[in-house]
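what's the 3D shape of this:
(one chain, ligands or ions: 3)
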Amino acid sequence: ALTRRVACPDGINTATNAACCALFPIRDDIIENLFHNQCAEEAHESLRLTFHDAVAFSPAAQARGEFGGGGADGSIVLFSDIETNFHANDGTDEIVALQKPFIAKNNISAADFVQFAGAVGLAQCPGAPQLEFLLGRPDATQAAPDGLVPEPFDSVDSILSRLLDVGFQDFEVVWLLSAHTVAAADRVDTTIPRTPFDSTPEIFDTQFFIETQLVGQTFPGVGGAQGEVVSPIPGEMRLQSDFLIARDSRTACEWQSFTNDQEKFAETFPDVMGRLALLGVDQSTLIDCSEVIPIAPPLPDSAIPHFPAGKTAEDVEAACAETPFPSFPTDPGPATSVAPVPNE
Ligand code: HEM
Ligand SMILES: [Ca+2]
Ligand SMILES: [Mn+2]
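Ligands and ions are numbered 1, 2, ... in the order given. The predicted structure is shown next:
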């Protein structure tokens with residue numbers, strides 16, 4: 001069917017709904033001046049922030065008559081004095097501070113901006129699928145309660161039930177954790193900021209799922225932090241939660257299914273991220289402006305799923321009872337270590 005498009009006042013863009021026009025300049029501004037055209041610290045942190053804003057929402061608490069948080073309502077920005085001090089939100093104060101001026105100078109709710117920035121930031125990462133973006137979320141009127149954002153030292157039971165409360169099945173938690181392919185930790189071990197969760201934090205590839213399944217050996221830094229377990233490669237951080245979810249009988253086969261299936265991201269990540277971005281929000285009042293979200297560059301041809309140099313099938317701690325772990329080529333050369341994510 002033909003979709004009628006309107007010309008935007010900028011004389012360049014067209015949109016399916018005139019309300020989306022205002023997003024093009026905001027998008028171009030943040031690509032340049034927040035993300036610096038890179039899938040690095042600020043894009044990663046903006047993606048993380050979508051989760052920490054939205055998941056602070058509890059239908060179970062509401063059913064008990066308590067305030068369960070507003071979901072994707074911008075509360076982590078609007079009540080940053082409260083929420084960025086929650087333990088699970090450690091480190092989010094920095095990206096919140098960086099996002100605030102862009103919110104202040106544009107006519108956009110904080111609730112929309114957090115989700116918009118996450119989607120535009122992800123599009124800086126080669127291999128990433130395009131996320132949906134719907135416009136029109138109302139802003140929070142109060143801070144979310146503490147205790148709703150999962151911690152890396154939480155049990156699998158606790159993480160799965162927390163996410164089930166907001167509507168995600170066990171296997172969908174695995175889909176959501178694809179985000180950790182473009183991710184690093186600043187606050188788990190503060191002696192080694194920007195320590196990545198896989199060897200390729202600048203691309204949205206399957207390495208995170210392969211590398212989390214390797215036998216752990218050492219800590220990248222001082223080690224022994226709460227929620228940290230040994231990782232297989234020097235310079236790589238492994239969260240206890242990722243380690244356990246990769247090996248739990250409820251989630252291990254889904255985890256393994258991603259190791260050799262780059263295409264799977266295209267259907268699964270936008271599905272769960274689209275739902276995450278709508279937690280607590282009345283979707284019927286929103287306008288679909290997904291067309292404003294850029295298409296990420298493709299993965300480089302060299303980015304085929306592989307074992308890091310020095311690792312083979314022998315190093316795999318397979319955990320899926322139904323299907324053998326796929327085979328992968330080993331990167332040539334001597335074992336290397338992973339470098340921190342650049343911070344500009
Ligand atoms: C479900 C349980 C989860 C736990 C326990 C968890 C935990 C963590 C922790 C501890 C960090 C490191 C923060 C730091 O020290 O700087 C992190 C980073 C990150 N998380 Fe998660 N996470 C979870 C799920 C998710 C989900 C669903 C998303 C989806 C958006 C996500 C996106 C990210 C990103 C993009 C980063 C990297 C931030 C950066 O590189 O600066 N996480 N996560
Ligand atoms: Ca990666
Ligand atoms: Mn970071």
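
measure Leu286 to ligand 2 for me?
Leu286 sits 31 Å away from ligand 2, taking Cβ to the ion, to the nearest Å as the criterion. Just so you know, the C-beta spots here come from the backbone N, C-alpha and C atoms, and that holds for glycine as well.

How about the contacts made by that residue?
134-137, 278 (Cβ atoms under 8 Å, 6 or more residues apart in numbering).

want to throw the residues you listed into a markdown table with secondary structure, neighbour count and pLDDT?
Formatted as a markdown table, the contacts of Leu286 follow (DSSP: H, G, I helix; E, B strand; the rest coil; neighbours: other Cβ atoms under 10 Å; pLDDT from 0 to 100):
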| residue | secondary structure | neighbour count | pLDDT |
| --- | --- | --- | --- |
| Leu134 | strand | 20 | 98 |
| Leu135 | strand | 21 | 98 |
| Gly136 | coil | 18 | 98 |
| Arg137 | coil | 28 | 98 |
| Leu278 | coil | 19 | 98 |
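
Kindly indicate which of those lies nearest ligand 2.
Leu278 (26.1 Å; Cβ to the ion).

What sits closest to that closest one if chain neighbours are left out?
Ala72 (6.5 Å; Cβ to Cβ, 6 or more residues apart in numbering).

swap in Ala179?
Using Cβ to Cβ, 6+ apart, the closest residue to Ala179 is Leu47 (5.7 Å).

Ala143 too?
Per Cβ to Cβ, 6+ apart, closest to Ala143 is Phe79, 3.6 Å.

Pull up the gap between the one you found and Asp282, please.
21 Å (Cβ to Cβ, to the nearest Å).

Please identify which of the two sits among more neighbours.
Phe79 (17 against 10; other Cβ atoms under 10 Å).

measure that one to ligand 1 for me?
Counting by Cβ to the nearest ligand atom, to the nearest Å, the gap from Phe79 to ligand 1 is 20 Å.

Ok, Cys20 next?
Taking Cβ to the nearest ligand atom, one finds Cys20 at 23 Å from ligand 1.

thinking again about what came up before, beyond the helix or strand where the residue nearest to Ala179 lies, next helix or strand please.
Leu47 is part of helix 41-54 when elements are defined by DSSP states H and E. Once the chain leaves helix 41-54, the next helix or strand it forms, by DSSP H and E, is helix 59-63.

rewinding a little: model confidence over the helix holding Leu47, on average?
The average pLDDT for helix 41-54 rounds to 98.

before we move on, what about stretch 191-200?
Across stretch 191-200, pLDDT averages out at 98.

How about it and ligand 1, touching?
No - applying Cβ under 6 Å from any ligand atom, one finds stretch 191-200 separated from ligand 1 by no less than 7.0 Å.

list the contacts for the closest residue to ligand 1 within the stretch 201-344 of the chain?
The nearest approach of the stretch 201-344 of the chain to ligand 1 comes at Ser241, 4.0 Å away (Cβ to the nearest ligand atom). Going by Cβ under 8 Å, 6+ apart, Ser241 touches 150-154, 156, 159, 227.

and the residue nearest to Ala22 when sequence neighbours are not counted, how many residues sit next to it?
Of all residues not flanking Ala22 in the chain, Asn107 sits nearest, at 6.5 Å (Cβ to Cβ, 6+ apart). Using other Cβ under 10 Å, Asn107 has 7 other residues around it.

Am I right that Asn107 sits in a strand?
No - using DSSP: H, G, I helix; E, B strand; the rest coil, the assignment for Asn107 is coil, not a strand.

What distance do you get for it to ligand 2?
Taking Cβ to the ion, one finds Asn107 at 35 Å from ligand 2.
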